[in-house]
Each structure stands twice: as C-alpha cells, then as structure tokens.
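> Sequence and predicted structure are below.
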Amino acid sequence: MVAVQEEDQRVPASPFSRLMHTPNFNLNVITIMGLSCTLDVNWVKHSVSQSLAKHPRFSSLLVYEDEAKYKMSWKPTEVNIDDHVIVPDLDQEVDHEKGDSIVDEFVTKVAQTPMDLWKPLWELYLLNVKTSNSASTAVLKLHHSIGDGVSLISILLACGRRISDPEALPVLPECKKRPVKPDKKKRAFISLFFSLIWRFFLMIHYTLVDTIEFFATVFTRKDSNPIKGDKGIEHSPKRFVHRVLNLDDVKLIKNSINTTVNDVMFGITNAALSNYIHRQHNGTSGTPFSLKSMKIRGVAAYNMRPSATVQDAYEVMHNGKDLDLKIWGNMVGFILLPLKLRMHQDPLLYIEDSKAVMNKKKLSYQCIIEYHIVKMLIKILGMMKTAFVVNAFLSNVTFAFSSVMGPKDEITFFGCPLTYLAPTVYGFPVSILIHFQSYANKLIVSLAVDEKLFPDPHQLCDDFQNSLQTIKDAAIRKAAVQGYKM
C-alpha cells in the first residue's frame, strides 16, 4: 500500500473532467511504451510506488457528490500497487511479427474493458513480448479526466531519466521564435500600425467565420466521405496502431517551406488520408468518385492555459508539492480543421494547403468562445445536456487530430531504455483519432480507428510513412533546383 493524503481532503473535479465521464463523451488514454530490455516486474512495481502512485490524481478516487448533476470530487485513497501494475498471461516465446500481433490484440482488448471506478483511474500492463521495435512493452491506460495531454506526458516523463545523464530529468525542446532579418525590422517600424489594423480585421473575420461554422456543425453541417462514422461510433470497437517516423525528415520539410512542424504533420495527414480514401474507395460504388466533392473535417483540442512541466510533475510526486490547479486538469477548446482531399502531382502542395489552414486558425479565437459557451451550458443545462451538444458537434466531423512534444533526448523508464512512446485517446465520437508524438529524433504517429471503417489500419500507417517520404523527396528536389542546402 502507498499512503497518501487524509481522506477528507477532497478536491472538486473541473467541469471538463466531469464532462469526460458522461456516457457519450467518456474519454480514456492508452499509452504504448516500447522498451529495449525485459521488464523486471518487481522493480517496476517499486518504481511506480515511488512515483506515479504518489501523484494526487493517481492516488485518488473520483467520487460523486451529486450523481444526478454529475458533481464529482477527487478523494485521496491508498494505492494497492498490485491492483494497478498488471502482468497479463501472454505467450512470450514468439517471433517479432507474432509479437506485434499479440500486443495489438491485447491493447484492443484492454480498451474494450471498462475502467474500474472503485480504484484510482489508471492501470499499467507489463508485456514481456518481443516486437519489431522493442524487447518488451508497457501499456498505460488511464482516464482523461486525470489531466490534459501535455500534463499527462509530463507526469510520465517525470518517471524517466535521460540516458546521457541518469540523474537528470528529461528535457522538452524549446519553442524557438523565427529570427527577424534587419531589413524586415526597419520595414516593421513603418508598417506596424497598418499591419496591426489588418491583423485585427482578419482576427475578427476568422473568429466570426469559425464561430458560425461551430454552431452550424452542432445543428446541421455534417461531413460526407467514406470514412465518416455513424451516430454512436464512440462506443464501437477500436484498433490501435502506430508507426515510428523520422523527426529529422519532418524538420527538413519544415525548413524547405519555412513553416512549422505542426503544419507538416497536418500536411502529412492530408496526404495519407487522400491516398488511403482514393485507393480503398475509388470505383467501389456505382457513382463517379471525386475526392474534391468530399467534405472532411477534424477537430484539435487546444489547451487554454499553461500546462504542467516535467519539473512540476516531479516536484508533486517526489517532494510532496501541492497541485497548482491553475495548471492541472482539463481546460480545452476545440478547433475545426478542414481538409482538402486531393491527389496532388506536387506533394509539397499538401503542406501549403495545411499551412494556409493553420495560419487562419492562429488568428481565430473561436476555440476560446466555444470553451466559454460549453462552460455556460454546463451551468444552464446541466452536464448531460451539455454532453449531448458536445457529442452532436464532434459526431458531425470525421477525425480528431493532436500532437504533443516529447523529450529531445533518449530516456529510460523503469530501468529500461525507451525505444518509442505512442499515446492515443479513445471515446471520441469520430472514426479515427490521429496523434503525433515526438521522442528524441523520432516522430510516432498513433492511430485509434474504427474496426469496420478501417479494416486494415496498418495500410493507413504505410500511407503516413509513404506520404512523409514522398513529401521529403519533393522538398529535396526543390532545394536542388533552387541551389541551396537544407
């Protein structure tokens, strides 16, 4: 047992954490961690008892104060490590290919098992099965009400250490601002006033357009494409697959077009889905097939406040620091992301299309307005009716998109070097959730897909990998023509 705070020290759950427990918006996180050595079960249990199990959200029950109104609070309890660190009975003497299948099937089975609300909302499964990318696998399942994606990754990373410095915590990359050239600085003084006015009008325009689009999506506007899920798809079985890509390839493309890593990831998504739909569905119906005529949109969750850092998580777990509720919990808004399905002759156009979309979204405040609307609806209509509205909005789009930065150096978990980190979420009323996770010089794309609409999800992983390679080759050709180094 792991002793924690006194039982009467309850903390009210945030509105969005409560929303994530409603039947049609019940969100869980699955994180698959590949490791390069066989896991020592006893050592892992000891390590977890001294780290994760000491975090207040990992050592609390989510209890109802008023079940009818979905009022909940976090109640500290004692953690029985054996209830949370689980070693399933699996065949360990298999080859890599069979091991991949065993892990895939196991993760699918775990996702279909409801979370036990009578204990803290997390479970860690240890699989000493060899796969193509690892000697063993750890699968962490937890409820999304524990925290937002960045905070959860910070908690996980605070349990690891850098391989290059075993005493040091993992370090996340810094977001660097693009340098402004001297001549641009001079022009900036002259045109600053006019550019600010123009930017203000664009902000008003894009915010207004996106807010109208949000309301239209709630009530009537629905995507139309072969991979759009039906009502209730949040309850259908999901498959979980991932592919390890080269982050340096993404950065090469980013530099060639002078854009961002997020733009490149969204462009790769556009290319992969365009190729997948074109190959799988072209000629399968009696009607003419046209990618351009299809409407496909996604949503991305935008964090409305600064998230907890790795150091914050470490201080909470190891030094007993109180949770700062200003940075812990869920406080998110949703951004609508339209895709232009095309079979471009020039692969770089996928990145240009995504860059145009993302530039507009950076000037829009729709997600902030939407967040406050949802918060107001919770107070006026109650949790269940608000969940119905959120579900109606998400059910009318096709996919969810997210990305989280990981450590810039390779790290160890539970005494084993980490080979990859592949988190994803399920419970959204969409047919596919696409998540990008960076780790050292790797970029892992994780897919949570509906079994019926994506009968071969590994083929879609191939499309992501092939799309990255094709766009990279085009970027290299462009650099050769323009005569500069990348």
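Yep, it's here.
> C-alpha from now on. contacts and neighbour counts both.
Will do.
> What are the boundaries of the helices in this structure?
15-19, 41-49, 81-84, 96-112, 149-157, 182-219, 247-257, 261-281, 310-319, 348-362, 366-381, 383-395, 457-482 (DSSP state H).
> Need those helices in a markdown table (columns: distance to residue 59).
Formatted as a markdown table, the entries for the helices of the chain read as follows, by distance: least, C-alpha to C-alpha, whole Å:
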| stretch | distance to residue 59 |
| --- | --- |
| helix 15-19 | 16 |
| helix 41-49 | 10 |
| helix 81-84 | 10 |
| helix 96-112 | 21 |
| helix 149-157 | 13 |
| helix 182-219 | 37 |
| helix 247-257 | 35 |
| helix 261-281 | 34 |
| helix 310-319 | 11 |
| helix 348-362 | 37 |
| helix 366-381 | 27 |
| helix 383-395 | 25 |
| helix 457-482 | 35 |
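> Tabulate the ones you listed in a markdown table, adding columns for distance to residue 30, mean neighbour count and mean pLDDT.
Written out in a markdown table, the entries for the helices of the chain read as follows (distance: least, C-alpha to C-alpha, whole Å; neighbours: other C-alpha atoms under 10 Å; pLDDT from 0 to 100):
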| stretch | distance to residue 30 | mean neighbour count | mean pLDDT |
| --- | --- | --- | --- |
| helix 15-19 | 17 | 22 | 89 |
| helix 41-49 | 17 | 15 | 93 |
| helix 81-84 | 14 | 15 | 94 |
| helix 96-112 | 8 | 17 | 88 |
| helix 149-157 | 11 | 22 | 89 |
| helix 182-219 | 28 | 14 | 81 |
| helix 247-257 | 22 | 18 | 94 |
| helix 261-281 | 21 | 21 | 93 |
| helix 310-319 | 19 | 19 | 87 |
| helix 348-362 | 27 | 18 | 94 |
| helix 366-381 | 25 | 16 | 92 |
| helix 383-395 | 20 | 20 | 93 |
| helix 457-482 | 17 | 17 | 92 |
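> Ok, which of these comes nearest residue 298?
Using C-alpha to C-alpha as the measure, helix 383-395 is the one of the helices of the chain that comes nearest residue 298, at 8.6 Å.
> angle of the closest one against helix 366-381?
What separates the directions of helix 383-395 and helix 366-381 is an angle of 150 degrees, with axes from the mean of the first three to the mean of the last three C-alpha atoms, to 10 degrees.
> Longest strand in the chain, by number of residues?
With secondary structure taken from DSSP state E, the chain has its longest strand at strand 416-426.
> I'd like to know which elements that one is packed against.
Judged by 3 or more C-alpha pairs under 8 Å, 6 or more residues apart in numbering; DSSP states H and E, strand 416-426 is in contact with strand 28-35, strand 238-246, strand 411-413, strand 432-439, strand 442-450.
> Give me the sheet partners of the first one and which way each runs.
It refers to strand 28-35. Here strand 28-35 is paired, per DSSP bridges, with strand 136-143 (antiparallel), strand 416-426 (antiparallel).
> before we move on, what about the last one?
Pairing partners of strand 442-450, with direction, according to DSSP bridges: strand 238-246 (antiparallel), strand 432-439 (antiparallel).
> Convert that strand to CSV, retaining C-alpha atoms only.
The C-alpha atoms that make up strand 442-450 are tabulated as CSV, following Å, rounded to 0.1, in the frame of the first residue of the first chain:
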residue,chain,number,x,y,z
LYS,A,442,11.7,10.0,-33.8
LEU,A,443,8.1,11.0,-34.6
ILE,A,444,5.5,8.4,-33.7
VAL,A,445,2.1,8.6,-35.4
SER,A,446,-0.6,6.7,-33.3
LEU,A,447,-4.0,5.9,-34.8
ALA,A,448,-7.2,4.9,-33.0
VAL,A,449,-9.5,3.7,-35.7
ASP,A,450,-13.0,2.2,-36.1
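> which residues are in contact with that strand?
Residues outside strand 442-450 that contact it (C-alpha atoms under 8 Å, 6 or more residues apart in numbering) are 233, 236-248, 420-426, 431-438, 457, 461.
> Contacts only, for the nearest residue to residue 155 once chain neighbours are set aside.
Spatial nearest neighbour of residue 155, chain neighbours left out: residue 313 (5.2 Å); criterion: C-alpha to C-alpha, 6 or more residues apart in numbering. Taking C-alpha under 8 Å, 6+ apart as the criterion, residue 313 is in contact with 154, 155, 158.
> Contacts only, for the second one.
Contact criterion C-alpha under 8 Å, 6+ apart gives 52, 310, 313, 314 as the residues in contact with residue 155.
> Could you report the separation of it from residue 281?
Summarising the geometry, the distance separating residue 155 from residue 281, computed by C-alpha to C-alpha, to the nearest Å, is 42 Å.
> what's the closest of the strands paired with strand 442-450 to residue 84?
Of all the strands paired with strand 442-450, it is strand 238-246 that lies closest to residue 84, at 21.4 Å by C-alpha to C-alpha.
> Alpha carbons of that closest one, in PDB - could you do that?
Output of strand 238-246 as PDB, limited to C-alpha atoms (Å, rounded to 0.1, in the frame of the first residue of the first chain):
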ATOM      1  CA  LYS A 238     -11.300   0.500 -31.900                       C
ATOM      2  CA  ARG A 239      -8.000  -0.700 -33.200                       C
ATOM      3  CA  PHE A 240      -4.700   0.900 -32.100                       C
ATOM      4  CA  VAL A 241      -1.700   1.000 -34.400                       C
ATOM      5  CA  HIS A 242       1.300   3.200 -34.700                       C
ATOM      6  CA  ARG A 243       4.300   3.800 -36.900                       C
ATOM      7  CA  VAL A 244       7.700   5.300 -36.000                       C
ATOM      8  CA  LEU A 245       8.800   8.000 -38.400                       C
ATOM      9  CA  ASN A 246      12.000  10.100 -38.600                       C
END
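> How about residues contacting it?
With contact meaning C-alpha under 8 Å, 6+ apart, strand 238-246 is reached by 104, 107-108, 111, 420, 422, 426, 441-451, 457-458, 461, 465.
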